[in-house]
Structure formats: structure tokens, C-alpha cells
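**Q** Coordinates only, no sequence provided:
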């Protein structure tokens, strides 16, 4: 569960609707079927035009990743794994790692280690792993770009709703009683456009983009680790190199101990 | 037929116009010849100024690709093809592929395989294929960029229509009966500008941009495959490498079987 | 003559002004000396601040290129030329091309061929030609960027005109007769800002940017052709490589014939 | 203490609120609990959705860096340090630097020098240090990008507040006494959105981005210095090279003296 | 003196203020102390938050460069200088250039030539000069980016002024006499925001950005010239290569003469 997403949505809704209620507003006025239909159906339609069918079909599942994990990577664990493997590989040879492959849960790491054990040429190994990483990036990008498109289009569909609403109002300026509520209805479409875009689509797209960036960072640790073991770096160098990828607080305390020694 | 495009347009129009009807709006009010003329003819004119004549002439055909295919690539099939060829080339030599060239439908792949059989130097082959891919990219870019330009300019032409309309209204503020409908007419231009841009031009440009990206991805599979065969990689490595380009669900199950074995 | 530019301007003006006339608007209301002065002189002044004097002086001539050619490149002819030269060079040596240099009209190609005949080292030749191409790009960029700046600034100067106009109107809200026409006058500045930017400056800048891109594409054909001849590629390879740069319809039918044979 | 940040906030607040007071405005009108709740809680919520939890938790500490240092780097001191080390290394060998490592306060420089003394291969050393620098960049980017997102979203949440406020107003247009103050309240949300974004979030994000750029610049000096010492450059060359990174006024006067001599 | 800057400011002010006067506007209405205070002090404050103190301190001097030179580079002269040096170096050796170093006014060129005479390794020389060029770019970027930030923020501060002004107006809608002038005052802040941004900050930032680009172009000529002399190119090649950087009209007529011969 991605707590930030859930708490964030809670905060945003409470802040915006709650503030309106305190101000004396009537939240029921924010519920309006035609407005919802114009903005939600209209902007989904526009997004659908802009995307390959496959992306549209995969989107709900991808969107779930903003709520349920997908963001955190135990890169410190990856570093420890590679340091251990580097140590074993130096002492017993690369083939000795064969038995450990099954224990590796991350499929990307497992694929890389298996190829390394199979004696794949380092240049080729790097190439294969980079194609895999690049391809993952391409796939994620297609998904969050669809949400960004939706976030960009929704407010403009809200404007369409507002314009159509105001056109209706202008049609009977001679019935002053109608004007106020009429305009209020017209405003609802603007509200939906701005709200769905800025509270849902754009923040969610951004979360998924951030997750994708962090995943690429985590994949880079793995690729660097594979290269380092294959070029026969000693475990201390492997740690030194890979810990460069970690946040300072995630690093082992080895460096400080050396100074203390 | 690109279902996403067709369903998307349907949804967007139903959502926007339907929502307006439910709300009590009169869709006939959205039909206005002068407004259409200002926005559609005006924004097409502005786009035409911005583009080479050749792009303008090719645009209708290019636009059709957003409706009729052009987006999907059977990259899994391409991978199988290259694995088969790699196998044959290793057993019988590159020349043995001569007979298979005619079966290849994709002209890009066919050109590459033919050049490979002709004994073209790997560096040169990569260069020729990358020029071809780059050139395709350049051509597609010119086309969807024209649509993006149109999508960017249309709302501003809508503003021009609205301003001219409001100027007319301001001219006879002394005839209150005229104001309401006058402003409504002025709003129509805004509607057309925002609607054509955000429901047609920008989503369609985006679809074509996504198709172009996917095509570049598919061309990259081919180039990588050619390079891999030419450098004598064994079929297993060719598959390993090329499957990195595929979506996980498109991949063969070989990897899992290995584990199960 | 760049037909797209001329027809585009015609269409845009007819669409916008014509639509207004049909709607019952008075096009004379769109003619307003103070408004023109504010927007045109004001935005030209702002552009002038932003540019080196040399760019300002060269701009009118550069702008003419959007109307009179500059966009089309006979790249198919360039390919034929290089294939012919490659053939001659292989049979009679590079020096045999000496006699053909005079026939080459494009100065960039002529410079390259002359340097090649003079026995310039390939790396050096590529470097010289790329400096030349890069420099052309830098020069064009400076020019169309000035127009893009103008297109970006004009609507904001229109807003200044509108604000100043509305300030005048607000000064005598007690004379209701003055309000309508006063606001209309204020709208004119908005109109000029949006119109000049979106019908002239931005589309023209875009046309010149597209022309510049196409020119870079054409220069790339020449550089690749020079490199290919110098590295002794056979004419078939030269054609294969250079035709990759062409649009499919510009290519020779040789490839198809091979298949038919 | 980052004086520019503190003085800047003071100036901005005095200018904006002070100007309003002089104009006869009542600053108390700018204080409005529901408006604050909508904009501040709402935009924080939206930012939270868009960010990994770890970034949210680290943000307050990161934000403090815009107020308390983090921006200035004594690169002139770094240059002197490397020139001294280059001199010592040439005369007494790299191992002679062992005793100086403890004196180096900057952990990045210390790590690099230690690795150099340990005899790490130059390519490997550069790689390790660049991973470290890249990783720092990635971390900073994640933080200021969160603030940029907040700055981009806040005005749109202000618009939501305004729209909801105006909807309330429109609901009782028949009570004219209510309209003015009602609209004023609605304006407050717009004010908060624009104010927090443009006076706090965007400038602070920009400060942190500038600091991050300067830090990358400072890290580049260190990496270049390490490479230069390791490749055995003489101290004069080390200074010549590294002083290229400095602002002219930070450089030693050596160059001028040479001319005077 | 940068004529374009001075004439541009003159034109912009005359166009905007003059147009308003012709229209019957009262330019005195555009002078408003609280409005100026809000926009100018407010936006300076926001910029100050966003920048390192050192940039703020150096900004006035940097800004002066938009008025007094800094933009033009005698690259044709640089080319002649390098051709002469190439000739001398080939005939008498690199050391013969020692006597000419004092005559070189541009410090960047002088540094490069001195290093070349000192026998600096070509790779090292290029690296040193590129660090210097990159560092200059970094410094200029920091400065014009500050102005761009100011230009981006000023209109939003104008909006704040307008909103606060309108809030004041809304507070006494019951005194109709107050409304018109009150709104006019509110508009002044909008005017200042848009005016300072689009007539001063953004055009000046753009001028300085253009100057910085041209300077980088001029530095590239020098670096290329140094490399060319050091690699022993003959003077004709040096000219051929370096003239590629020049505008066509700046080039020597040598090429044409060759053809005429």
C-alpha cells in the first residue's frame, strides 16, 4: 500500500471540500450528473483517441501501482547481495553462484545473474540488460504519459462544459431568477475539469513517473553490480561503487569504521 | 481499424454533447456557420502557413493512420523470425537465408536481411538501417507536429472569434435583448476552438506520435536482430536479447521452463 | 514561391474576417490605429530588445524565405549525383571528379566535393562539413527564434492594450453610452495581439523552422554521400545508404526491379 | 544562513502586503481560514499523491537548506587543495597523501582521495565518483521537483476555491448585500494559490535547483582534480585546468604575474 | 552600446504609451505607487529567494551587458589571426608564436595560445579550454535564468495586486462611485506585471541568452583553431575549417577567386 497516495487523496479531498463546507458552501452543489458526464466521459474519450488500445487496456492495472506498492526498492539489499556474490565469485568462481540464482526474487536480477553464470560476454550482457531496462522504461512511459495527457485535457473539457452552460444561461437573460443557479451549474464543469486533473490525474501520473525513475535507478544498480562482478572487482570495490547509488542513510557504516580504526 | 480512436471519438462526443442535452442545453446552438468558418478555416490556414506544402498534401493520408491501423507491431513474430534465421545461419551459413527473403513482408526487415546476405559490413549495415529508421522518424514527426501545431493554434483562433463577437455585442449594449444571444454566438467560437483542438487535433496527434514511437521500437528490434545474427550470436542469445524489447506477456515461456526443469 | 504560405495566409484571413462579416460584424471595427500602434510597435520593440542588431537587420530577408522558396530540396537529385560520382570515382579515381565540380550548383556540395578531390582526410572533411552545417543551423535558429519570441510576446502586448483601454472605460462608468464602444476598442488590442501572433509570427516561424530542419536533412545526405565515396563504397551501397534519407516516393525503383528479376 | 532567501521573503511580503496597505487595502481581509485550508491542505495533499513517501518525509529537512546554507562551495579552496596534493604526489608519490586525508572535510573529496591512494584504477575511480555525483543529483532532483509540482498545482487549487466560492455567491444573487463580500472571499483562494506558488514554492524550488547545479559544478572540480593528479599532471597544469571552473574573481593572480614578468 | 536594446526599449515604450495617449488614455493613470511597490518589490523579492546571493549581486553588472556591448564577436578577425598563426607555426615552429601572445586581446584566446606554445598535450589543451568555455556558459546561464525567472514571476505578482485591488472594490459595491476608479487601480498592477515582464525582463534575458550563445560560438572558433594549428593543418585548411563558423558575408573571397581562376 502506497501510504503517500492514500493519505494525499484524503488530505486533498478533506482540504478542498472541508474548506468549502466551513465557508458555508453546500457540497451537494458540487454533485452534478451532466457536468460529470461531460468532463469524465469527454476527457476519457479524448485520452482514448490519443492512445494505443493496448495502453488503454493496461491502464487500470498500471494505475493500481500508484496505490499498491511498485515504488520502493530495497537497493541496500541489492548491494549486499552483489557484495556477497562478488566475494563468492572471487573465491569459488562464477559457477559457484549457480545455486544462489533460485533465491533471487527480482526477475531482472535473476536474469542477469543467470546470463553471467552462463558465461555471456560482458559487453553482450550489458547490452541485454540495458535493452530490458530501456524496454521497461518505454512501457512505463507509455502509461504515465497517457495519464498526463488526461490531466492536460480534462480542464479544457471543463471549459467546454462551462461554455455550453453559459450559452444556455445567455439564452434566457430575461429570466433573472435563472441566471445565478444557471451559472453555478456552468461552474461545476470547470470544477470537475480542474479537480480531476490536479487532484487525480496529474499527481497520479507524477507518482508513477517517480516510481518509474526509481525503478530505473534500481535497475542501474543491478547492471553496475553485474559488470563489477564480471570484471573481477574485489568485494570492497563492488560495495564502494554500488553504495554510490544509495541514499546516504541506506549505506553500511563500513566507511566510518575505517576512519575510526 | 484502430478501435481506440473510433470508440474514443464516440465517447468524447457523447459525453460532451450528451451531457449538455441532459443539462437542458440545445445542441443546435452549437451549430453556427460563421463560427465554424472562423475557427476551422482560420486554423487550417494558420497551419498551412506553418508547413511545407508536401506535408499539407500528405496529411489526410497520414491522418487516416490514426483510424486504420499503423499502430500495432507483431514484435513477438519478429523475434521468432530472427531466432529462426539465427539458427539457420549458424547451421547453414548466411547465404542459406536467401530463399527466405521473399517471405518477409515488412520492407524494412527485408531490406536489412537482403543487405546482410549480400555480405554488407556490419558497421555499414547498422548505419544504413539507422538512416532508414531516422528518416522514417523525421517523416512521421513532420506530420504529427503539423497536427500539434493545429491543436495549439485552434483555441487562439476561437478567442479571435469570441473577441470579434463580443465587439459586435458591445456595439449595441443599448439593445438589451440582443446581448444574451449575441454573447452566446460569441461563445460558440470559443467552443469550436477548444473542442477541435482537444477532442480532435491534439488526441489524434498524440495517437500518431505514439504509433511513431512504437514503430521506432519495432525497428530497433529488427536492427538489433540483424546485428546479433551477423555477429554470430547463438539463437538462445538472440532470443534473450530481442525478448528484452517485448512486453512481458508477449515473451515465450522458455525462461520459466528452464527454471522448472 | 511557397504556395502553402500564400494560400495559408489567404485562407486564414478569409476564414476569420469573412466569418465575422457573415456573422454581421463590421470589419472596419477591426481597424484601429492606436491599437495597431500599441501591439505592432510595442511587440517589435520588445523583440528588438531581445535580439542582436545583426539578427534584426537580417530578419526581413529571412522572412521572405517563408514566401519565396527555401524549403524544397532535390534530395533525390543529390542521391543520383553522388551515385554517379561514386561510380566515376571507382573507375577513374577521385581526381576524375575535378571536371564535374563546376556543374554542382549547391555551394555546400561543391565545397565538399572540392575538398574531397583535394585529398582532404576523411575525418577532417567530415569535421569541416559538419561545422558548416552546424553554423547554418545556428544562423537559422537565431532568425526563427526571433520570430517565435515575437509570437510569444505579441498577445501579452495586446493584453497591455486591453488593460489600458479598460482603465479608460472604468474612468467614466458614469457615462453608460461610452462603455460599450470603449470596451470594443479595448478588445481590438487583444485581437491584434492574438491575430498577429497566431496567424503571422508563430506560423511563419514554424515554416522557417521546418525549412531549416529540411535543410539540415539535405545537408546530412551530402555529408553521408561524401563519406561514402571517400570510403570507397560501391555505387549500389551509396544509393542504398542515401536513399534511406529519401521519402519512399522519391526513391528509384531499383529495389523493386531486383525483386522482379 | 542563506541571506538571499531571507531578504527575498521579507521583500516580497513587504512589497505585496505593504503595497496593498498603502493602497487602502485591509490586510486582515487576506486572512481566511477556509481559503487557507482549501489551498494549503489541498495542494499539499495533491503533492503527496505525486511523491514517494520517502521524499515527503525528507522534504522539510531539504527545504531548510534553502534557508541555511547548502549553496556556497569553496571551489577556490578545492583548487588550492588539489594543486598542493598534485605537488606532493609528484614529489613524494601518491601514498604520501595518506596523512592528509583526515584533514579533508568534504566527504566526497575524502572518498575520492582515499580511493586514489588505495591505487584504484583511474577509469574505475572516475566511474565510482560519477555514480556518487549522479546519485546526489538524482536525490536533489526528486526533492526540488516535488516543490515545483506543488508550485504548479497550488494556483489550480486556488481556482477550485474561487469556483466553489463563486458557486456559493451565485446561489443567492437575489441578496445583493451578500455578493461583494462573497466574491471577496472567493478571491482569497485565488490569492493564496498564486501567492504560495509564486512567493514560496517556485522560488524555493528554484533556489534548491540552483544549489544543486552549483553542487554538481563543485563535484566536477573534484573529479577533474582527482583525474588530473592520477594522470600525473604537473601542479601548474592542475591549477590551469581547475581554475577554468572558477569564476574569474576567484582565480589566483598567477596568470597576470606571468604576463608582468 | 547595444543599439538594438536601446532602440527597442524606445520603440516599445513609445508604441505602448503613445498608442494609449492617441486613444485618449491618460498616461498619468499608469503611474501608481502602491501598484509599483507590489509588482516591482514583490517580484524582486521572489527572484531573490530563487537565486544564490552571488548571482543577485552580480546581476546589475551583467544586465548592463545588454546595453553596453558583450554581443558582437569579431570572429572573422579570429579566423585571420589563426590562419596567420598557422602559417607562422608551420614555417618557424610553434615557439615562434611566443612574441605574438602579448598582442592577443581576448584572454580566452591568449590563454589557449600560451598553453599551446608551452607544449600542452592536444587532448589536455582541448579539455582545459572546454572547461573554461563550459564554465563561462554556466555563469551566464545562472544570470539570464534569474532574469527569466523574474519575467515569469512578475505577471503573477501583478495578478496578486489585481486580486487584492478587486477585493477592496468588492468590499464597497454599495458605493458605485468607487467601483470604476477602484477597478482601474486594480488593473494597474496587472499592467505593471505584464509590462515589466514582457518589455523588460524577458526581452533582456533573451538578449543576454543570445549574447551567451554567440559567445559560445566564438569560443568554439578559438578551440577549433587551436586544435587545427596543433595538429599541423596547413593554413588553407585552417581557413576552410574556421570560415565554416562564420556568416557567409563575413568570409574572405578566396573561395570565389579560386573558381574565377
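**A** On my side now, so go ahead. On a predicted model such as this, the values are computed, not experimentally measured, just so you know.

**Q** Now the spatially most central residue of chain A. Nearest residue, chain neighbours left out?
**A** The C-alpha lying nearest the average C-alpha coordinate of chain A belongs to residue A:208 (C-alpha atoms, centre = their mean; 1.2 Å). Spatial nearest neighbour of residue A:208, excluding adjacent residues (C-beta to C-beta, 6 or more residues apart in numbering or on different chains): residue A:144 at 4.3 Å. Where C-beta positions appear, they are placed from N, C-alpha and C, glycine not excepted.

**Q** doesn't residue A:210 make contact with the one you found?
**A** No: between residue A:144 and residue A:210 there is no contact under C-beta atoms under 8 Å: 9.3 Å.

**Q** what sits in contact with each of those two?
**A** Applying C-beta atoms under 8 Å, 6 or more residues apart in numbering or on different chains, one finds that no residue jointly contacts residue A:144 and residue A:210.

**Q** quick one on the thing from earlier: wait, what's in contact with the residue nearest to the centre of chain A?
**A** Counted by C-beta under 8 Å, 6+ apart, residue A:208 has contacts A:62-63, A:65-66, A:70, A:140, A:143-144, A:147.

**Q** Helix or strand with the lowest mean pLDDT in chain A?
**A** Sorting the helices and strands of chain A by mean pLDDT, DSSP states H and E puts helix A:254-260 at the bottom, at a mean of 42.

**Q** on that earlier part again, of the contacts of residue A:208, closest to residue E:53?
**A** Residue E:53 lies nearest to residue A:144 out of the contacts of residue A:208, by C-beta to C-beta, at 37.6 Å.

**Q** Chain A: helices as residue ranges?
**A** Remark: helices assigned in chain A by DSSP state H are A:3-13, A:19-22, A:33-36, A:42-50, A:53-64, A:75-92, A:107-117, A:122-171, A:176-195, A:202-230, A:235-243, A:254-260.

**Q** nearest to residue B:234, of those?
**A** Residue B:234 lies closest, by C-beta to C-beta, to one member of the helices of chain A: helix A:122-171, at 10.9 Å.

**Q** Next, the angle from that closest one to helix B:202-230.
**A** If you take axes from the mean of the first three to the mean of the last three C-alpha atoms, to 10 degrees, helix A:122-171 sits at 170 degrees to helix B:202-230.

**Q** per-residue confidence averaged over helix A:122-171?
**A** For helix A:122-171, mean pLDDT is 94.

**Q** Quick check, residue A:34 in contact with residue B:22.
**A** Yes: in terms of C-beta under 8 Å, residue A:34 counts as a neighbour of residue B:22; the distance is 4.4 Å.

**Q** Between those two, point out the one with more neighbours.
**A** Each of residue A:34 and residue B:22 had its neighbours counted (other C-beta atoms under 10 Å in any protein chain shown), and the higher figure belongs to residue A:34 (22 against 13).

**Q** quick one, what contacts that one?
**A** Residues near residue A:34 by C-beta under 8 Å, 6+ apart: A:185, B:19-20, B:22-23.

**Q** Roughly how far does it sit from residue C:238?
**A** 64 Å (C-beta to C-beta, to the nearest Å).

**Q** Neighbours of the residue nearest to residue A:208, how many?
**A** Neighbour count for residue A:144, taken as other C-beta under 10 Å: 22.

**Q** again, but for residue A:236
**A** Other residues close to residue A:236 by other C-beta under 10 Å number 14.

**Q** next one: residue A:240
**A** Applying the criterion other C-beta under 10 Å, we find 25 residues in the vicinity of residue A:240.

**Q** Same check on residue A:248?
**A** With neighbours defined by other C-beta under 10 Å, the count for residue A:248 comes to 10.

**Q** what does residue A:171 give?
**A** 18.

**Q** Which residue, neighbours along the chain excluded, lies closest to residue A:69?
**A** For residue A:69, the spatially nearest residue (C-beta to C-beta, 6+ apart) is residue A:2, at 6.4 Å.

**Q** Say whether chain B is contacted by stretch A:221-232.
**A** No: figure legend: stretch A:221-232 not in contact with chain B (C-beta under 8 Å from any C-beta of the partner chain); closest approach 12.2 Å.

**Q** Over that stretch, what's the mean pLDDT, rounded is fine.
**A** 94.

**Q** same check, this time on stretch A:191-208
**A** 97.

**Q** Endpoints of it, how far apart?
**A** By C-alpha to C-alpha, to the nearest Å, the extent of stretch A:191-208 from end to end equals 24 Å.

**Q** just stretch A:100-112 next, same as before
**A** When the termini of stretch A:100-112 are compared using C-alpha to C-alpha, they are 13 Å apart.

**Q** what does stretch A:12-26 give?
**A** In stretch A:12-26, first residue to last residue: 18 Å (C-alpha to C-alpha).

**Q** Name the residues of that stretch that are buried.
**A** A:12, A:15-20, A:23, A:25 (16 or more other C-beta atoms under 10 Å in any protein chain shown).

**Q** go on, stretch A:112-123?
**A** By neighbour count on 16+ other C-beta under 10 Å, the buried set for stretch A:112-123 is A:112-117, A:120.

**Q** hmm, it touching chain D?
**A** No: on the criterion C-beta under 8 Å from any C-beta, stretch A:112-123 is out of touch with chain D, staying 14.2 Å away.

**Q** So what touches that stretch?
**A** The contact list for stretch A:112-123, computed with C-beta under 8 Å, 6+ apart, reads A:85, A:94-95, A:97-98, A:100-101, A:104, A:125, A:128-129, A:222-223, A:226-227, A:229-231, B:237, B:240.

**Q** for stretch A:7-16, same thing?
**A** Applying C-beta under 8 Å, 6+ apart, the contact partners of stretch A:7-16 are A:195, A:199-200, A:203, D:37-50, D:157, D:160-161, D:164.

**Q** let's see it at 7 Å
**A** Contact with stretch A:7-16 is made by A:199, A:203, D:37-38, D:41-42, D:44-46, D:48-49, D:157, D:160, as judged by C-beta atoms under 7 Å, 6 or more residues apart in numbering or on different chains.

**Q** with the buried residues of stretch A:112-123 in mind, which one is nearest to residue D:58?
**A** Nearest to residue D:58 among those is residue A:112, at 30.1 Å by C-beta to C-beta.

**Q** who's in contact with the nearest residue to that closest one once chain neighbours are set aside?
**A** Spatial nearest neighbour of residue A:112, chain neighbours left out: residue A:226 (4.7 Å); criterion: C-beta to C-beta, 6+ apart. Contact partners of residue A:226, counting by C-beta under 7 Å, 6+ apart, are A:112, A:116, A:125, A:129.
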